[in-house]
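# 3D model of this:
(one chain, ligands or ions: 2)
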Amino acid sequence: MRRWIMHVDMDAFFASVEQRDHPEWKGKPVIVGGRSRRGVVATASYEARKYGVHSAMPVSKARELCPFGIFAEPRFQVYKETSHRIHEIMLHYAEAYEPISLDEAFLDISAMGSQYPTLGAIGRAIKKEILKETELVASVGIAPNKFLAKMASDMDKPDGLFIIPYGKEKDILRPLPVRRLWGVGKVTEGRLVKAGFRTIGDIQDVSVEALASVLGNQGGLLKRLSFGVDDRPVEAEREIKSIGDESTYEKDITDPSVIDREIAIHSDIVAQRLRKQGLMARTVTLKIRFASFRTVTRTLSFEEGTSLQEEIYHHAMTLLQKIPLTEGVRLIGVTASRLGPPLSMASLFSEDRDKRNRAAAAMDEIQARFGRKALQKGFWLEEKK
Ligand code: TTP
Ligand code: MG
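Residues are numbered from 1 along each chain as shown. Ligands and ions are numbered 1, 2, ... in the order given. Model (predicted):
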């Protein structure tokens with residue numbers, strides 16, 4: 001099986017969040033940064049970049065370049081929440097998943113071939129889900145390894161989807177400046193350019209020995225990178241803090257039985273993901289967003305961990321009782337947190353509970369082999385679209 005790595009990077013992340021939350025700023029130059037005199041720009045919308053504004057530039061300079069820009073104070077809490085949601089979506093598209101920053105991750109998608117007809121289809125699916133769930137645009141790069149995937153996600157930005165196929169690595173890299181090689185910062189770039197190496201092609205054409213005379217033992221690594229060789233694995237996330245599932249509905253829901261059913265479905269998906277990761281949750285959160293965009297979350301904690309649909313569903317329904325349904329519902333989400341490994345046998349699942357755990361594991365196996373539709377619990381099967 002060929003290795004395929006995807007790199008996802010949100011477009012103008014902080015600025016896009018601000019444009020989403022202030023629709024009147026869409027299409028306008030938005031600059032996010034501390035508004036104090038000595039603040040620097042965190043990021044700028046693509047409209048502002050046309051004026052030469054970029055990350056890490058003093059805000060005072062940005063004001064000179066773009067006097068009519070909209071200058072916004074950063075709202076880190078909102079970026080963090082949005083980031084969390086994006087990572088949660090991406091996680092489900094990969095065998096191995098490595099978050100890099102708030103708006104960026106590597107995914108090993110080598111094994112996703114059975115679920116999607118083409119590489120492009122996986123890229124489009126992830127972009128579409130992120131857009132639907134967060135109203136934000138991601139750029140995606142797909143390539144044989146991490147180095148090339150990261151390069152690819154940048155090639156077609158914004159709203160990019162760029163694939164570097166096997167065999168094209170060398171030609172794509174050839175004209176690019178040496179600075180684009182992983183690990184080449186300002187100092188190394190200066191040394192390379194001084195020695196006559198300007199493009200990645202220049203490095204491809206020279207012997208490792210000649211390169212080593214400029215860079216020492218970094219030479220071999222750079223030579224390999226110049227041909228697009230990079231074996232580093234996608235290092236799966238060490239710690240998952242929460243697992244959630246939510247949907248935004250095209251039509252606001254008013255029927256309580258439909259709300260009940262949706263909570264059951266989300267609980268099932270969350271429970272399956274918990275079991276897939278070998279985790280148990282000790283907190284369940286229910287999130288309801290109303291037609292007016294008012295959002296209410298309610299949380300319930302308990303001591304004995306669970307990864308069972310019926311228990312998560314039960315907790316979520318208890319929480320629902322605490323939320324007066326005074327208007328139509330636009331979004332429903334169920335999240336499990338305070339995750340940990342299954343408690344030791346001694347903590348004492350009753351025999352009955354142990355049986356249900358085993359039944360759930362058996363269902364997971366069947367669904368994994370025959371797809372989700374094969375086995376859904378009877379009580380919502382008839383109603384599902
Ligand atoms: P980037 O992904 O580097 O930039 P971006 O998402 O704004 O734009 P694009 O990817 O389309 O080129 O960084 C992600 C966020 O991190 C960015 O929105 C703001 C923050 N950031 C800083 O606060 N300071 C910085 O110097 C950089 C580079 C980013
Ligand atoms: Mg970005």
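
# now do the strands in this protein.
Secondary structure of the chain (DSSP state E): strands at 5-10, 30-33, 41-44, 70-72, 96-101, 104-108, 138-143, 161-163, 242-253, 280-290, 295-306, 329-340.

# please name the strands paired to the first one in the sheet, noting orientation.
Using DSSP bridges, strand 5-10 pairs in its sheet with strand 104-108 (antiparallel), strand 138-143 (antiparallel).

# same thing with the last one?
Sheet partners assigned to strand 329-340 using DSSP bridges are listed as strand 242-253 (antiparallel), strand 280-290 (antiparallel).

# what residues of that strand count as buried?
Of the residues in strand 329-340, those buried by neighbour count under the rule 16 or more other C-beta atoms under 10 Å are Val329, Arg330, Leu331, Ile332, Gly333, Val334, Thr335, Ala336, Ser337, Leu339. In this view, the C-beta of every residue, glycine as well, is placed from N, C-alpha and C.

# just want the angle from that strand to strand 295-306.
Taking axes from the mean of the first three to the mean of the last three C-alpha atoms, to 10 degrees, one finds that strand 329-340 is oriented at 30 degrees with respect to strand 295-306.

# just checking, Ala195 touches Ala212?
No: with the criterion set as C-beta atoms under 8 Å, Ala195 and Ala212 do not qualify as a contacting pair; they are 11.4 Å apart.

# ok, so of the buried residues of strand 329-340, who is nearest Arg3?
Top of the list for closeness to Arg3, among the buried residues of strand 329-340 and by C-beta to C-beta, is Leu339 at 29.1 Å.

# what about Gly120, how many neighbours?
Other residues within reach of Gly120, judged by other C-beta atoms under 10 Å, total 14.

# need the pLDDT of it.
If you check Gly120, the pLDDT there is 96.

# contacting residues around it?
Applying C-beta atoms under 8 Å, 6 or more residues apart in numbering, one finds that Gly120 lies in contact with Ile142, Leu161, Ile163.

# so which of those residues is the closest to Leu225?
Leu225 has its nearest neighbour among the contacts of Gly120 in Ile142, at 18.4 Å by C-beta to C-beta.

# burial of the closest one, as a residue count?
As a measure of burial, Ile142 has 24 neighbours, counting by other C-beta under 10 Å.

# please apply the same query to the one 5 residues further on.
Under the neighbour criterion other C-beta under 10 Å, Phe147 is assigned a count of 24.

# for Ser60, same thing?
11.

# please apply the same query to Lys170.
Taking other C-beta under 10 Å as the definition, Lys170 ends up with a neighbour count of 14.

# circling back to that earlier point, out of the strands of the chain, which comes closest to ligand 2?
When the strands of the chain are compared by C-beta to the ion, strand 5-10 sits nearest ligand 2, at 4.3 Å.

# for that closest one, which positions count as buried?
Burial within strand 5-10, assessed by neighbour count using 16+ other C-beta under 10 Å, is assigned to Ile5, Met6, His7, Val8, Asp9, Met10.

# Glu189 contacts Leu181, doesn't it?
No: Glu189 sits out of contact with Leu181 when judged by C-beta under 8 Å, with a separation of 9.0 Å.

# name the residue in the two with the higher neighbour count.
Comparing Glu189 with Leu181 by other C-beta under 10 Å, the one with more neighbours is Leu181, at 20 against 17.

# grab the nearest non-local neighbour of the residue of the stretch 51-200 of the chain found nearest ligand 1.
Across the stretch 51-200 of the chain, no residue is closer to ligand 1 than Ser55, which sits at 3.7 Å (C-beta to the nearest ligand atom). Counting by C-beta to C-beta, 6 or more residues apart in numbering, the nearest residue to Ser55 once its immediate chain neighbours are dropped is Thr43, at 5.2 Å.

# and Gln77, how far is that from Leu102?
Distance, Gln77 to Leu102, by C-beta to C-beta, to the nearest Å: 12 Å.

# same check on Ser114?
Shown here: Ser114 relative to Leu102, a distance of 31 Å by C-beta to C-beta.

# tell me which of those two has more neighbours.
Leu102 (17 against 5).

# ok, that one touching Asp9?
No: taking contact to mean C-beta under 8 Å, the distance of 10.5 Å between Leu102 and Asp9 leaves them out of contact.

# burial count for Pro324?
Look at Pro324: counted by other C-beta under 10 Å, it has 7 neighbours.

# with Phe76 instead?
Phe76 is surrounded by 11 other residues when neighbours are defined as other C-beta under 10 Å.

# ok so, going back, just say which of the strands paired with strand 5-10 is most tucked in.
With neighbours taken as mean count of other C-beta atoms under 10 Å, the strands paired with strand 5-10 reach their highest mean count in strand 138-143, at a mean of 27.
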